[in-house]
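1. here is the input, now give the coordinates:
(2 chains)
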Amino acid sequence: MKKKFKLEDLDCANCAAKMEESIKKIAGVRDASVSFMTQKMTVEADDERFDEIMKEVVAVCAKVEPDCRILL
Amino acid sequence: MTKKQSRMLGRIVVTFVLYAALLLARQLGALERVPHEAVLCCLYLIPYLLIGYDIIWKAARNIRHGQVFDENFLMMVATFGAFGVREYSEAVAVMLFYQVGELFQSYAVGKSRQSIAEMMDICPEYANLEEDGTLTQVDPDDVEVGSVIVVKPGERIPLDGVVVEGESLIDTAALTGESVPRRAAAGDAVVSGCVNGSGTLKVRTTKEFDDSTVAKILELVENASSKKARVENFITRFAKYYTPVVTIIAAVLAVVPPLVLGGGWREWIETACTFLVISCPCALVISVPLGFFGGIGAASRQGVLVKGSNYLEAIAEVTTIVFDKTGTLTKGEFAVTEILPAQEGGAGFSREELLELAALGESCSNHPIAGSIREAYGRKPDVNRVSDAEELAGHGIRARIDGREVLIGNEKLMAAQGIACTPTAGGTVVYVACEGAYAGAIVIADTVKEGAAEAIAAMKRVGVKKCVMLTGDRREAAEQAAAELGIDEIHAELLPGDKVSEVERLLAEEGEKEKLAFVGDGINDAPVLTRADVGIAMGSMGSDAAIEAADIVLMDDDVRKIAAVVQISRRTLAIVRQNIVFALGVKALILVLAALHLANMWGGVFADVGVSVLAILNAMRTLRMRNLRV
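-> Okay, the predicted model is just below:
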């Protein structure tokens, strides 16, 4: 399943790159992309575990850039 | 400016005033009377904390999360270091200018984001649904296929459909970049996203909102920035190593030289702090995606959708363009291109008479060729003049017109009737004979699109070396079109599967840095579009499958736009490269100068914030590319 999320207060391009890299490392995530320009995130992950994976994604993003909020 | 930005601006102004006051006091010698060093330090700490408290807070928080080489942390260490070596004034200045740079950056990015959003402001907010004679405003999402909606003057067409009532001019500029409005009347298909002109239209919808053109386009554009270009990936990878490396060098410089050379701690710590300021990666990382974003925006303003930065990057290197013939270079409609009355010894007809004869003879036929001839004739043929018309399968038509026996058909018909005709090449040829004598020939061919020859010439000018045409048509027809267009290579009489193998052969011939683009209208083209380095599809005529498979979509099917996109892509890449070279060059230069004690923290601030601002300004130039003429 592929889903798109809006991001709020994503202020630095380097953080976006770091977030993307960390999300890709989560088990079950097939592909992820964080666009600094459009302030959007796309996550492609296994269907059954999607909600679980999203929780991890949120945690990982909070670690990299605590100011940035994912609008679920 | 957002709330956050204006609050930041306020902090910057207040800090600046306090800082200026301190500098003035120092100039006037007032600070020398400060009794203790600690008091002086505290005086500078006021503006420092005012401007930098959030940086310090974020740095502390991020360290807890294990994010060590983070910009906030680097800035904090650098300025703390400056305080440590009693360079109070520089510490405040570095923090102040860092924040100014960040503010500018966030403002500039917001601005360009906004201008793209405006450009893409094609999303309809509502639809006027007509049910039992009453109008209700509903969400376009809730309109079912086959419903009738009313589009009032000035409104955006919310869903794709067919006009059932009314007539109006439609502004398609937002979708195609075409400024001349298009006329739409009952029976015409209209596309969502266009703006209705002066008349009210009643439209029967043919698609749901999610499948409508406007929804598709918005989705494409939103996804575009998630497909990253090679340079973009390179720079993020580079930044990952750059920051730690420079930080480690800074640490080494702070400790080793003073130990080896003995003393000079102060200078070396200052050098290390300068290194830390320069090690912030943001100037690099931000200017690349911003440039591509602007380039994609500039292309969409021309009516060309580029589905990712990587494709914008790839099209700059295209040296071979492969075209599908029908629908791409030609209109895909058959029309009379030549009327050739028999020269000598013939029946002595004029061009008009010949065409009239053929039109009358074909008046009852529903063969597509008959239609083209009738269309060229322009008037309604007088059926009363025709009698005894009979179709000779595989040959043509025999009819009696004004009492004379007329034969209309192919070469085989003429041969069978023993009539000597002048063989004519190009397209489909219809021969006409009257009372057993050859009267002349009419050539019917697929007509070349307006601007197709111009488009190919423009592509050659922007550096495309080879234009290839693939077609399932007969060789003669293909050769004629190719000559008219200036195509270098043709492959005719291909089956759909042959197109893929032909493109694969051409792909194998390419050099290292050369790319191949395929342009097609999408009928049977999807596999080839996917196979080519860059697949370009026709947006308004193309099938959904083709738009899906393509990397670049020409919204108004105008092949002339391809050369313009190549230009946009080259300029975007040039700007991106300038930014990378400039940012890395300045950073490297200041690093070397700082290591030699020739640059201080001011140089460091310039190498970070100054470069970042200049790179952003440069990247924003991509947004302003318009009206490219090739």
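
2. neighbours of residue 27, how many?
-> Using chain A. 9 (other CB atoms under 10 Å in any protein chain shown). C-beta coordinates here come from the backbone N, C-alpha and C atoms, glycine included.

3. the intended chain is chain B.
-> Counted by other CB under 10 Å, the residues lying close to B:Q27 total 9.

4. state the distance from it to chain A.
-> Distance, B:Q27 to chain A, by CB to the nearest CB, to the nearest Å: 36 Å.

5. and the residue of the stretch 1-150 of chain B nearest chain A?
-> Closest contact between the stretch 1-150 of chain B and chain A, by CB to the nearest CB, is at B:H65 (4.5 Å).

6. once you drop chain neighbours, what's closest to B:G295?
-> Closest residue to B:G295 apart from its sequence neighbours, by CB to CB, 6 or more residues apart in numbering or on different chains: B:T572 at 3.2 Å.

7. settle this for me: that neighbour is touching B:T622, isn't it.
-> Yes. If you go by CB atoms under 8 Å, B:T572 and B:T622 touch, sitting 5.1 Å apart.

8. so where do the strands sit in chain A?
-> Under the criterion DSSP state E, strands of chain A are mapped to A:2-8, A:29-35, A:40-45, A:69-71.

9. show me what counts as buried in the shortest one.
-> By neighbour count with 16 or more other CB atoms under 10 Å in any protein chain shown, strand A:69-71 contains the buried residues A:I70.

10. what's that strand in contact with?
-> A:5-9, A:41, A:57-58, A:61 (CB atoms under 8 Å, 6 or more residues apart in numbering or on different chains).

11. what mean pLDDT does it get?
-> Strand A:69-71 shows a mean pLDDT of 84.

12. who does it pair with, and is each partner parallel or antiparallel?
-> strand A:2-8 (antiparallel) (DSSP bridges).

13. do the same with the third one
-> Strand A:40-45 has the following strand partners under DSSP bridges: strand A:2-8 (antiparallel), strand A:29-35 (antiparallel).

14. dump those to JSON lines, plus mean neighbour count.
-> Putting those into JSON lines (neighbours: other CB atoms under 10 Å in any protein chain shown) gives the following:
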{"stretch": "strand A:2-8", "mean neighbour count": "14"}
{"stretch": "strand A:29-35", "mean neighbour count": "20"}
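
15. give me the neighbour count for the residue nearest to B:G295.
-> Based on other CB under 10 Å, the number of other residues close to B:T572 is 28.

16. give the contact list for it.
-> Counting by CB under 8 Å, 6+ apart, B:T572 touches B:291-292, B:294-295, B:298, B:312, B:622, B:625.

17. who wins on neighbours among these?
-> B:G291 (34 neighbours).

18. now that residue: which helix or strand?
-> Assigned by DSSP states H and E, B:G291 falls within helix B:282-301.

19. that older thread, mind putting the strands of chain A in CSV, distance to B:E317 included?
-> Supplementary listing: those in CSV, determined by distance: least, CB to CB, whole Å:
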stretch, distance to B:E317
strand A:2-8, 29
strand A:29-35, 23
strand A:40-45, 27
strand A:69-71, 37
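
20. just the pLDDT at B:T274, thanks.
-> 88.

21. equivalent analysis for B:I397, please.
-> B:I397 is given a pLDDT of 83.

22. would you say it is within a strand?
-> Yes. Under DSSP: H, G, I helix; E, B strand; the rest coil, B:I397 falls within a strand.

23. residues of the stretch 151-300 of chain B that sit close to chain A?
-> Those residues of the stretch 151-300 of chain B that sit near chain A, judged by CB under 8 Å from any CB of the partner chain, are B:222-223, B:225-228, B:236, B:239-240, B:281-282, B:285-286, B:289-290, B:293.

24. let's see it at 10 Å
-> B:219, B:221-228, B:232-233, B:235-237, B:239-240, B:243, B:280-290, B:292-294, B:296-297 (CB under 10 Å from any CB of the partner chain).

25. ok, of these, which come out buried?
-> Counted by 16+ other CB under 10 Å, these give B:221, B:223-228, B:232, B:235-236, B:239-240, B:243, B:280-290, B:292-294, B:296-297 as buried.

26. where's the nearest residue to B:A453 once chain neighbours are set aside relative to B:T326, distance?
-> Distance criterion CB to CB, 6+ apart; nearest residue to B:A453, sequence neighbours excluded, is B:L485 at 4.9 Å. According to CB to CB, to the nearest Å, B:L485 stands 13 Å off from B:T326.

27. B:C467 too?
-> For B:C467 relative to B:T326 (CB to CB), the value is 16 Å.
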